[in-house]
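Q: Sequence and predicted structure are below.
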Amino acid sequence: MTPLLKTTALTVEYDQDKRILQARGAISMLVQPALNKINRRLAEEKPALVREGDIVASTWLPPIPSGPFKRLVLSEAKIAIGRFVPQTVSIEVTRECGCSCHHCLIKEGEGELEAEEIQKVVDEALDLGASIITFTEGDPLLRDDIFELIRYVDPERAVVNLFTPGLEMTPDKAKRLKEAGLYNLLIGVYSTDPTVHDGIRGVPGAHEKAIEAIKMALDAGLLVTISVHVKGDGVSGIFDLYDLATDLGVHELSIWEGMPRSPDEGLTQIERESILRFYRKVNATPGGPRVFANTYFEGEMLGCMAGRRWIHVGVDGGVRPCPYIGEVVGNVRDRPLKDIWKDIRRSGEFDAFRSDCPAQSLHLGP
């Protein structure tokens, strides 16, 4: 057993051969239920990657064992007694992007956080207990200082994910991302049909560039995830996307329920069940990439994470419970992140376990 965490009240050990996490100590009863959920996933589902010394159960979770995972376990102990922790903090770092996506909400605005402001947000997020920092919007690779921002995050406290459409990737940038300590690169691919993908991105050749970016990142030794948001009857496309992910050799296909703009775009219960069947079948089958689906992760395992385990910082510093809920609670330029988090928690809007996405109904209206 590998000691993962040891305090006077709690010891957590990891058996790498059996892939079992076990808690002991005075507060072990607070942590073990969360560890049991992870144990079941490790027993029933293939991991994204097994390396010498650790295992990446999902690219959305820190590797086991690691400093960030230890912090995740500690935060679960706090959550068990009602002290919710923003384990994931996503930060929009730029409005600049080579795409012209019709769903983009920030490109036409003005202003973005300076490097020092982002570093301050990172410091405050880590102090709150975050173990996953995600840099996103519009294309972080267009920030010259993105490598320094990644490097700024203490790897013993949090892993760093980064979203990009892939238009700006070069072999040198992929190498620098790896050297800076990036944990996982997420590249959005909306379809295996280049015409469909390019239409959404608003840029001819965007699909080809995304595929090339994936190959460059893999060649640099990065963890790579293909990310897709599905709406309406788009669920059938995930099967072809998984085949593409397999052919490319990425580590995970990440499926998110897209925000509908009309009732026709909303997922039906039958479509959600189709995603769940796909999730279970793929992850129970050896070989090929793992599948992440928020339909399962938030719908059945943890519940909606907005305002409970997740907080989002917009490009102008506005803070929301997650990227999909539009209401701004405060701004990091005016107030500390911890105070804004307290306001979110005190509101009572995110106290109850929810298997549905509150933003879905907000987008569809009454």
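A: On my side now, so go ahead. Residues are numbered from 1 along each chain as shown.
Q: quick one, longest strand in this structure?
A: Longest strand in the chain, counting residues (DSSP state E): strand 223-230.
Q: what comes up buried for that one?
A: Residues of strand 223-230 classed as buried under the neighbour-count rule (16 or more other C-beta atoms under 10 Å) are 223-230. For every residue, glycine as well, the C-beta is placed using N, CA and C.
Q: do the same with stretch 229-248
A: 229-231, 234-235, 237-238, 241-242, 244-245, 248.
Q: Please flag which of the residues you listed sit within helices.
A: 237-238, 241-242, 244-245, 248 (DSSP state H).
Q: Could you find the lowest-pLDDT member of those residues?
A: Among those, Gly237 has the lowest pLDDT, at 92.
Q: residues touching the residue nearest to that one when sequence neighbours are not counted, list them.
A: Of all residues not flanking Gly237 in the chain, Ser191 sits nearest, at 5.8 Å (C-beta to C-beta, 6 or more residues apart in numbering). Neighbouring residues of Ser191 by C-beta atoms under 8 Å, 6 or more residues apart in numbering: 197, 200, 207, 237, 240-241.
Q: what's the most distant pair in those residues?
A: Ile200 and Asp240 (15.5 Å; C-beta to C-beta).
Q: number of nearby residues for Val122?
A: 24 (other C-beta atoms under 10 Å).
Q: biggest helix in this protein by residues?
A: Counting residues, the longest helix in the chain under DSSP H turns out to be helix 28-44.
Q: Quick check: buried residues in that helix?
A: Result for helix 28-44 [16+ other C-beta under 10 Å]: buried residues 28, 30-32, 34-35, 38-39, 41-42.
Q: for stretch 45-56, same thing?
A: 45-49, 54-56.
Q: With stretch 122-134 instead?
A: 122, 124-126, 128-134.
Q: quick one, helices of the stretch 101-250 of the chain?
A: 115-128, 146-152, 171-180, 194-201, 206-219, 237-248 (DSSP state H, counting those that start in this stretch).
Q: CSV for those helices, including distance to Glu349?
A: Below are these laid out as CSV (distance: least, C-beta to C-beta, whole Å):
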stretch, distance to Glu349
helix 115-128, 19
helix 146-152, 31
helix 171-180, 36
helix 194-201, 32
helix 206-219, 36
helix 237-248, 31
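Q: Can you say which of the ones you listed is nearest to Lys281?
A: helix 237-248 (10.2 Å).
Q: Could you tell me which other helices and strands that closest one packs against?
A: helix 206-219, strand 223-230, strand 252-257, helix 269-283 (3 or more C-beta pairs under 8 Å, 6 or more residues apart in numbering; DSSP states H and E).
Q: Go through these and pick out the most buried.
A: Neighbour counts (mean count of other C-beta atoms under 10 Å) averaged over each of these peak at strand 252-257, with a mean of 24.
Q: Pull up the pairing partners for that one, direction included.
A: With DSSP bridges as the test, strand 252-257 is paired with strand 223-230 (parallel), strand 290-293 (parallel).
Q: The shortest one: what's the following helix or strand?
A: Tracing the chain past strand 290-293, the next element assigned as helix or strand by DSSP states H and E is helix 294-296.
Q: And that following helix, what's buried?
A: Within helix 294-296, judged by 16+ other C-beta under 10 Å, the buried ones are 294-296.
Q: now stretch 340-356
A: Those would be 340-341, 344-345, 350, for stretch 340-356 by 16+ other C-beta under 10 Å.
Q: got the contact list for that stretch?
A: In contact with stretch 340-356 (C-beta under 8 Å, 6+ apart) are residues 84, 86, 128, 298-300, 303-304, 306-308, 311, 319, 321, 329-332.
Q: Put the buried members of those into a ChimeraX selection.
A: This is the ChimeraX syntax for the buried subset of those, where burial follows 16+ other C-beta under 10 Å:
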select :84,86,128,298,299,303,304,306,307,308,311,319,321,329,330,332
